[in-house]
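> Whatever this is, show me its structure:
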Amino acid sequence: MKKFRDKDYLKSEEGFIFCVIGSIHPKDRSIAYLKYIPRKDGKWEGKEKNYKRIMRQYTMSNLKKTIQFLKDYRKYIYESKVLNIEISTVPLTEIKNHFKPEEKLKQISEEKKRDSLQQKCLDLARVISDKSEVPVDFFGVTGSILLDIHQSFSDIDLVVYGKDNSQRVKKTLINLYEENNNHFGRLASEKLNKWCEKKSNQFPISPEEARIMYKRKWDRGIYKNRLFSMSSVKLDSEVEIDYGDRTYQPEGLVKIEATVSNSTESLFMPSVYQLKNIEVLKGKKPEDIRSVVSYEGFYRDIAREGEKIKVYGKLEKVFDKQKENDYHRVLVGSFEAGGKDFIKPILS
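This is a model prediction of the structure:
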């Protein structure tokens with residue numbers, strides 16, 4: 001069976017370019033969102049075509065717009081009986097190209113001629129690899145560089161594969177940000193203020209709350225005056241379930257407060273926080289809520305074990321076919337919540 005991993009990209013016969021979400025997919029298709037479409041006046045210039053970015057911001061409202069666009073191409077709309085929602089997917093029969101971040105970084109390293117952004121991307125990956133002692137084979141590059149449509153304004157979007165590797169890279173980047181004169185930095189002053197204002201407009205948080213979250217977002221930084229991101233993706237051997245092993249039934253919206261009991265899975269897509277000491281503030285009150293799960297990348301790895309968090313999201317009953325039991329979770333990143341859902345650390 002063809003394997004798809006989070007941050008892979010797929011191009012369809014029409015030239016639509018999709019970004020793969022997560023690493024659990026139906027056998028005959030990949031769950032992915034539409035990010036670029038061919039347009040003559042598009043800002044992202046490829047060797048054969050120009051592209052327009054249709055997924056302008058990583059929010060559920062923007063995702064909903066891409067699905068609305070795809071209504072004219074019904075083969076990419078999928079009614080999932082597992083997730084109980086309508087999602088965008090790419091059927092195997094419609095995939096023209098499958099772009100893999102790890103293969104692209106290897107290709108860049110082997111090329112004799114690289115443009116300045118490709119060189120900076122390779123340098124960045126090698127520095128982080130060297131400092132973290134994670135072999136460079138476990139890194140990749142995604143986004144516009146993966147697709148060869150990057151421009152002078154493009155960021156560098158790296159990927160690290162593996163749970164242990166991700167933890168080592170996280171620790172390394174945090175240390176690099178704290179050092180001086182090593183080409184690594186973070187947003188500050190007016191640029192940080194603008195970032196916080198932007199996030200407060202995109203999500204139901206204040207600029208002050210955005211600032212607190214940014215301090216924790218080790219996966220966003222600056223290298224030699226270029227913005228970069230680092231996404232953590234599980235190895236195939238670390239993906240413990242197949243599509244359909246668990247099914248999800250919506251049960252309305254809830255607001256809860258809880259303590260994070262385990263956050264090791266919060267680095268990945270979707271981000272998972274295991275919970276304890278749960279108090280339901282609003283909505284249905286089941287006694288078996290185990291976790292909060294986020295498909296909003298903004299809430300990736302922003303709460304630590306032992307911390308209290310406030311969450312607003314969609315309550316789902318989970319049926320686990322492997323373990324033959326059921327329980328509840330709270331989902332952040334749903335159409336039902338209308339962009340009002342969140343995860344917020346409660347800091348005293």
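
> Report all helices and strands that the strand or helix carrying Leu176 contacts.
Leu176 is part of helix 163-178 when elements are defined by DSSP states H and E. In terms of contact count using 3 or more Cβ pairs under 8 Å, 6 or more residues apart in numbering; DSSP states H and E, helix 163-178 is assigned the packing partners helix 116-132, strand 184-185, strand 220-223, strand 226-233. For glycine as for every other residue, the C-beta is placed from the backbone atoms N, C-alpha and C.

> hey, which of those is tucked in deepest?
Mean neighbour counts were taken over the helices and strands packed on helix 163-178 using mean count of other Cβ atoms under 10 Å, and the top value, a mean of 21, falls to strand 226-233.

> Give the buried residues for the helix or strand just after it.
Sequence-wise, the next helix or strand beyond strand 226-233 is strand 246-262, with elements assigned using DSSP H and E. The neighbour-count check on strand 246-262 (16 or more other Cβ atoms under 10 Å) flags 246-248, 253-260 as buried.

> okay if I get the residues you listed as JSON lines plus distance to Phe16 and pLDDT?
What follows is the buried residues of strand 246-262, written out as JSON lines (distance: Cβ to Cβ, whole Å; pLDDT from 0 to 100):
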{"residue": "Arg246", "distance to Phe16": "29", "pLDDT": "97"}
{"residue": "Thr247", "distance to Phe16": "29", "pLDDT": "97"}
{"residue": "Tyr248", "distance to Phe16": "27", "pLDDT": "98"}
{"residue": "Leu253", "distance to Phe16": "32", "pLDDT": "98"}
{"residue": "Val254", "distance to Phe16": "36", "pLDDT": "98"}
{"residue": "Lys255", "distance to Phe16": "37", "pLDDT": "98"}
{"residue": "Ile256", "distance to Phe16": "38", "pLDDT": "98"}
{"residue": "Glu257", "distance to Phe16": "42", "pLDDT": "98"}
{"residue": "Ala258", "distance to Phe16": "39", "pLDDT": "98"}
{"residue": "Thr259", "distance to Phe16": "43", "pLDDT": "98"}
{"residue": "Val260", "distance to Phe16": "38", "pLDDT": "98"}
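
> So which of these is the closest to Pro91?
Checking those against Pro91 with Cβ to Cβ, the nearest one is Thr247 at 21.1 Å.

> Let me see the contact set for the closest one.
When contacts are counted by Cβ atoms under 8 Å, 6 or more residues apart in numbering, Thr247 is found next to 81-84, 318-319, 321.

> elements contacting the worst-scoring helix or strand of the chain on mean pLDDT?
Among the secondary structure pieces of the chain, namely its helices and strands, strand 44-45 has the lowest mean (mean pLDDT, DSSP states H and E), a mean of 87. Counting contacts by 3+ Cβ pairs under 8 Å, 6+ apart, strand 44-45 packs against strand 50-53.

> The strand it packs on pairs with which strands?
Each strand that pairs with strand 50-53, with its direction, by DSSP bridges: strand 29-38 (antiparallel), strand 44-45 (antiparallel).

> Report the distance from the last one to the chain centre.
The one in question is strand 44-45. Between the mean C-alpha point of strand 44-45 and the mean C-alpha point of its chain there is a distance of 23 Å (Cα atoms, centre = their mean, to the nearest Å).

> and what of stretch 3-12?
With Cα atoms, centre = their mean as the basis, the mean position of stretch 3-12 lies at 13 Å from the chain mean.

> Dump it to CSV, keeping only the CA atoms.
Coordinates of the C-alpha atoms in stretch 3-12 are reproduced here as CSV (Å, rounded to 0.1, in the frame of the first residue of the first chain):
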residue,chain,number,x,y,z
LYS,A,3,2.5,5.4,2.2
PHE,A,4,1.7,9.0,2.7
ARG,A,5,3.3,11.1,5.5
ASP,A,6,2.4,14.4,7.0
LYS,A,7,4.0,17.3,5.0
ASP,A,8,4.3,15.2,1.8
TYR,A,9,2.8,17.0,-1.3
LEU,A,10,0.7,15.6,-4.1
LYS,A,11,0.0,17.1,-7.6
SER,A,12,-3.2,16.1,-9.4
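
> Nearest the geometric middle of the chain, what residue?
Gly297 (4.4 Å; Cα atoms, centre = their mean).

> tell me what whichever strand or helix holds Arg211 is packed against?
Secondary-structure element containing Arg211, defined by DSSP H and E: helix 207-216. Using 3+ Cβ pairs under 8 Å, 6+ apart as the contact criterion, the elements in contact with helix 207-216 are helix 189-202, strand 342-346.

> Let me see the contact set for the residue nearest to the centre of the chain.
Applying Cβ under 8 Å, 6+ apart, one finds that Gly297 lies in contact with 58, 269, 271.

> go on, Asn182?
Applying Cβ under 8 Å, 6+ apart to Asn182 gives the contacts Leu176.

> go with 10 Å
The neighbours of Asn182, taking Cβ atoms under 10 Å, 6 or more residues apart in numbering as the test, are 127, 131, 175-176, 223.

> Please render those residues as TSV that adds pLDDT and distance to Lys96 to the earlier fields.
Formatted as TSV, the entries for these read as follows, by pLDDT from 0 to 100; distance: Cβ to Cβ, whole Å:
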residue	pLDDT	distance to Lys96
Val127	97	34
Lys131	97	38
Asn175	96	42
Leu176	96	38
Tyr223	97	33
